[in-house]
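Student: let's see this in three dimensions:
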Amino acid sequence: RNVTASRPVLRFLGYRVLERPLPVAVADIAPGFLRDRIAARGCCGADELLKLWAYSLAEYSRVLLLDMDSLVLRNLDELFFANRPAAAGGGRVRGLAA
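Tutor: I've put the predicted structure just below:
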């Protein structure tokens, strides 16, 4: 879980590293299924909520969010040249799952 060693490498490679707090505190989640289980689920527990920050990156025309368990099998360039957002498309974008 300690990613501090990765930050300088990513910056050296030209990536912009954004460090953010959780966008929502677990205590602020309505009581029920998610709140009761999020801390103990998945690889990262409540840190899974960090991916929600992708929706705030309005300064970019395209944002691609990949989880660490994603396996990229071919070039993703066509996602950046599609005429509509893949996630909002509700289907496939030239053969890629949305």
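Student: for the protein, what spans make up the strands?
Tutor: 92-93, 96-97 (DSSP state E).
Student: what about the helices in this protein?
Tutor: 6-12, 33-37, 77-81, 86-89 (DSSP state H).
Student: would you mind listing the buried residues in the longest one?
Tutor: Using 16 or more other Cβ atoms under 10 Å as the test for burial, helix 6-12 gives no buried residues. Quick note: C-beta positions are derived from backbone N, CA and C, even for glycine.
Student: average pLDDT for it, rounded please.
Tutor: Taken as a whole, helix 6-12 has a mean pLDDT of 88.
Student: tell me which residues are up against that helix.
Tutor: With contact meaning Cβ atoms under 8 Å, 6 or more residues apart in numbering, helix 6-12 is reached by residue 17.
Student: got the CA positions of it in CSV?
Tutor: Extracted in CSV, the C-alpha atoms of helix 6-12 (Å, rounded to 0.1, in the frame of the first residue of the first chain):
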residue,chain,number,x,y,z
SER,A,6,6.4,5.1,-7.4
ARG,A,7,5.8,8.8,-7.4
PRO,A,8,9.2,10.0,-8.5
VAL,A,9,9.3,7.3,-11.3
LEU,A,10,6.0,8.4,-12.6
ARG,A,11,7.0,12.0,-12.6
PHE,A,12,10.2,11.2,-14.3
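Student: shift numbering so it begins at 652
Tutor: Yep, numbering from 652; the last one is helix 657-663 now.
Student: just give me how far that helix sits from the chain centre.
Tutor: Averaging C-alpha positions (Cα atoms, centre = their mean, to the nearest Å) puts helix 657-663 18 Å from its chain's average.
Student: cool, and the third one?
Tutor: Between the centre of helix 728-732 and the centre of its host chain there is 17 Å, according to Cα atoms, centre = their mean.
Student: against which helices or strands is it packed?
Tutor: Judged by 3 or more Cβ pairs under 8 Å, 6 or more residues apart in numbering; DSSP states H and E, helix 728-732 is in contact with no other helix or strand.
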